[in-house]
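Q: Got a predicted structure plus its sequence, pasted below:
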Amino acid sequence: MREGGGGVEYSPAMPGNELTEAISFYDGLLQGEVLRRTHELLLQRTLAERVTYKSRSLYHVLRPRFITPQQLVEHQRATLAVRRGIEAVYRHACRDEAFRRELGVQDWEELLMRVDGDSRMPAIVGRLDGFVDPDGVLRFMEYNPAPGGYLIMHLLGEAFSATPVLEAFSRRYDVVLPRTAPNIIDALKANHARMGRDGMPQLALFGPAGPDDVDEEQLLQEYLPAQGVHFQHVTSEDEWTYRDGRLYVRDFRVDVVTFISSVGFGGLIVGCGPDHPVMRALVDGAAYFMNGMFQLCVLNSKVLFAALSTPTNAHLFAPDVREALARHIPWTRVVRESTTSYGGKEVDLLPFVSANRERFVLKPATGYGGTGVVLGWVADAETWDATLKQALTEPWVIQERIHTTKEPYPVLDGTGIRYEELHMDLNPYVWNDERAEGCFVRVSPTPMMNLAQGGSLAPLAVVRER
């Protein structure tokens, strides 16, 4: 077993039948003492190391999500092309006020553009969330500009690496677990060098954490110092000073400002006006906000995907990016009274969506955790039309359904194996806007994949026969 690095070269893909054989071989190892010890180790380590959601272990399935080396390369290529499209949308938004209004940028967010809208500092980490469709194409439905999960996925991957079943499997197959957590350190160091500074950056984490973020907050505050990154946890707007061209929390120099949760982000925005030391340091480039303060506001909205898929914006993208967007982004529009194109034809949006709910998903533009999302093929007509009516009063998007297939995964049932037909997503991380490595992979019995609604996790494993 190997942990992937940025310079890893993968051999050509196994044919599909060989991947099926690898899965069959792995599952055949799950019996007797190997099964018992594997389950016990995964359960114990995930609970002890807080691979949890509100104290619930996020381990459920006994097999990682297997992909071939060629599939990995294809997914990385798609991820980076789409991320270039997202960057093009953001840069156009910074230049064009009318376009910002189309994206739903609010007045208070507009003020933040003056703080760091023109910054060229790459985002430390972003995540594209998607599904692999029945044709094997990774199709993205959302972008998370301030994602978590990379520490949890790292620990879950390490737990699986130590299991008897993966040890036995690795005698026949080469297994690479793409890196997640170490990339955050590499990305921070790269941005620190872009600032012309040596050594490790120093962080200020503005809190408090929200109720859904406590486990990962604790992991982050343990992981950073273990990697040589010093930080201060800050909860007051009054502890900052900006002097001699450097930002400080008390006597602690700050290179990077970030937040624990949306609660902390909101507190920072509300509490720090334009003359606050944090804002002055960001404007001057003496420090930067992790992933960009204004960029977070613009890219957090699902209206972004309407901008990526609307034909009138095609001029924003390079030819290869346009091709990638057409292949990997589902048709998405803002919910409003309008005429638009669908399948090469002009349609009246609201009547068309009302009559064809099985094809679509309705989403609040700024929701998270699956809150408010309505799946048209699950909802009845009355619920669908009521949601459409609600969506006219606040920012919502309508997105074409991404068809997925369930896959059987082994879970422990008493002392033996039972197979559950489960949905799995595939959510690649992007580091410094330029490198795709590691994925957040959720598992769920329903198409609603969120951990808040009962989902669990599985590590990604790239496999080839030795």
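A: All right, it came through fine.

Q: Quick check: residue 253 vs residue 408, distance?
A: 53 Å (CB to CB, to the nearest Å). In short, each C-beta sits where N, CA and C put it, glycine included.

Q: before we move on, what about residue 171?
A: For residue 171, the distance to residue 408 - CB to CB - is 24 Å.

Q: who has more neighbours, those two?
A: Higher neighbour count among residue 171 and residue 408: residue 408, with 14 against 7, using other CB atoms under 10 Å.

Q: Assign a three-state SS to the more buried one, would you?
A: strand (DSSP: H, G, I helix; E, B strand; the rest coil).

Q: switch to numbering from 50
A: Done: numbering now begins at 50, and the last item shifts to residue 457.

Q: Hmm, it is touching residue 466, no?
A: No: the pair residue 457 / residue 466 is not scored as a contact, 10.5 Å apart, by CB atoms under 8 Å.

Q: Tell me, please, where in the stretch 350-499 of the chain the pLDDT is lower than the cut-off.
A: 418 (pLDDT under 70).

Q: Which parts of it are strands?
A: With DSSP state E, counting those that start in this stretch, the ranges of strands along the stretch 350-499 of the chain come out as 381-383, 388-391, 394-397, 409-413, 423-424, 445-449, 456-462, 465-473, 476-480, 484-489, 491-493.

Q: Neighbouring strands - and their directions - for the first one?
A: Taking DSSP bridges as the criterion, strand 381-383 forms sheet pairs with strand 445-449 (antiparallel).

Q: Extract the C-alpha set from the strand it pairs with and format it as CSV.
A: Output in CSV follows, covering the C-alpha atoms of strand 445-449 (Å, rounded to 0.1, in the frame of the first residue of the first chain):
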residue,chain,number,x,y,z
TRP,A,445,-32.7,29.0,-6.0
VAL,A,446,-31.4,27.0,-8.8
ILE,A,447,-32.8,24.2,-10.9
GLN,A,448,-30.3,21.5,-12.0
GLU,A,449,-30.7,18.6,-14.3
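
Q: which residue is nearest the centroid of this structure?
A: With the centre of the chain defined as its mean C-alpha position, the nearest residue by CA atoms, centre = their mean is residue 176, 3.0 Å away.

Q: contacts for the host helix or strand of that one?
A: In this structure, residue 176 is located in strand 174-181 according to DSSP states H and E. Contacts to strand 174-181, defined as CB atoms under 8 Å, 6 or more residues apart in numbering, come from residues 128, 131-132, 135, 187-194, 196, 198-199, 232-233, 236, 340, 348, 377, 451, 453, 472, 474-480, 482, 489.

Q: For stretch 96-111, give me every contacting residue.
A: Outside stretch 96-111, the residues that reach it (CB under 8 Å, 6+ apart) are 79, 84, 87-88, 91-92, 94-95, 201, 204-205, 208, 214, 260-261, 264, 267-268, 458-461, 466, 469, 471, 492, 500-501, 505-507.

Q: Going by neighbour count, which of those are buried?
A: Neighbour-count burial (16 or more other CB atoms under 10 Å) is assigned, among the contacts of stretch 96-111, to 79, 84, 87-88, 91, 94-95, 201, 204-205, 208, 214, 261, 264, 268, 458-461, 471, 492, 500, 505-507.

Q: Just the ones of these in strands?
A: 458, 459, 460, 461, 471, 492, 505, 506 (DSSP state E).

Q: For the stretch 150-299 of the chain, just list every one of the helices.
A: Counting by DSSP state H, counting those that start in this stretch, the stretch 150-299 of the chain has these helices, from start to end: 156-165, 199-210, 213-218, 230-243, 263-275.

Q: of those, which approaches residue 75 most closely?
A: Among the helices of the stretch 150-299 of the chain, the nearest to residue 75 by CB to CB is helix 213-218 (5.1 Å).

Q: ranking the strands of the stretch 350-499 of the chain by burial, who's on top?
A: For the strands of the stretch 350-499 of the chain, the largest average neighbour count (mean count of other CB atoms under 10 Å) is found in strand 476-480, namely a mean of 26.

Q: could I get it in PDB with only the CA atoms?
A: Presented in PDB, the C-alpha positions along strand 476-480 are these (Å, rounded to 0.1, in the frame of the first residue of the first chain):
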ATOM      1  CA  ASN A 476     -15.600  14.800  -4.600                       C
ATOM      2  CA  PRO A 477     -12.100  15.700  -5.600                       C
ATOM      3  CA  TYR A 478     -10.000  18.300  -3.800                       C
ATOM      4  CA  VAL A 479      -8.100  21.000  -5.600                       C
ATOM      5  CA  TRP A 480      -5.000  22.500  -4.000                       C
END
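
Q: Which of the contacts of strand 174-181 are buried? Put it as a ChimeraX command.
A: If you want just the buried ones from the contacts of strand 174-181 in ChimeraX, going by 16+ other CB under 10 Å, the selection is:
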select :128,131,132,135,187,188,189,190,191,192,193,194,196,198,199,232,233,236,340,348,377,451,453,472,474,475,476,477,478,479,480,482,489
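
Q: sorry, back to before: ok, and which of the helices of the stretch 150-299 of the chain has the densest surroundings?
A: By mean count of other CB under 10 Å, the helices of the stretch 150-299 of the chain have helix 199-210 as the most buried, with a mean of 23.

Q: list the helices and strands that helix packs on?
A: helix 81-97, strand 222-226, helix 230-243, helix 263-275, strand 484-489, strand 505-506 (3 or more CB pairs under 8 Å, 6 or more residues apart in numbering; DSSP states H and E).

Q: how about the ones you listed, which one is nearest residue 281?
A: Nearest of these (CB to CB): helix 263-275, 10.5 Å.

Q: In TSV: the strands of the stretch 350-499 of the chain, plus distance to residue 157.
A: As requested, those are exported to TSV (distance: least, CB to CB, whole Å):
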stretch	distance to residue 157
strand 381-383	20
strand 388-391	29
strand 394-397	34
strand 409-413	19
strand 423-424	28
strand 445-449	20
strand 456-462	44
strand 465-473	37
strand 476-480	27
strand 484-489	30
strand 491-493	32
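
Q: hang on, isn't residue 384 packed against residue 446?
A: Yes: if you go by CB under 8 Å, residue 384 and residue 446 touch, sitting 6.4 Å apart.

Q: okay, and the common contacts of the two?
A: In terms of CB under 8 Å, 6+ apart, residue 384 and residue 446 are both contacted by the residues residue 411.

Q: how far is stretch 254-273 from where the chain is centred?
A: Relative to the centre of its chain, stretch 254-273 is centred 17 Å away, using CA atoms, centre = their mean, to the nearest Å.

Q: and it, what's its mean pLDDT?
A: Average pLDDT, stretch 254-273: 81.

Q: check contacts around residue 204.
A: 94, 95, 98, 99, 100, 230, 268.

Q: swap the cut-off to 7 Å and go again
A: Applying CB atoms under 7 Å, 6 or more residues apart in numbering, we find residue 204 in contact with 98, 100.

Q: roughly how far apart are it and residue 326?
A: In terms of CB to CB, residue 204 sits 36 Å off from residue 326.

Q: next one: residue 115
A: From residue 115 to residue 326 the distance is 50 Å (CB to CB).
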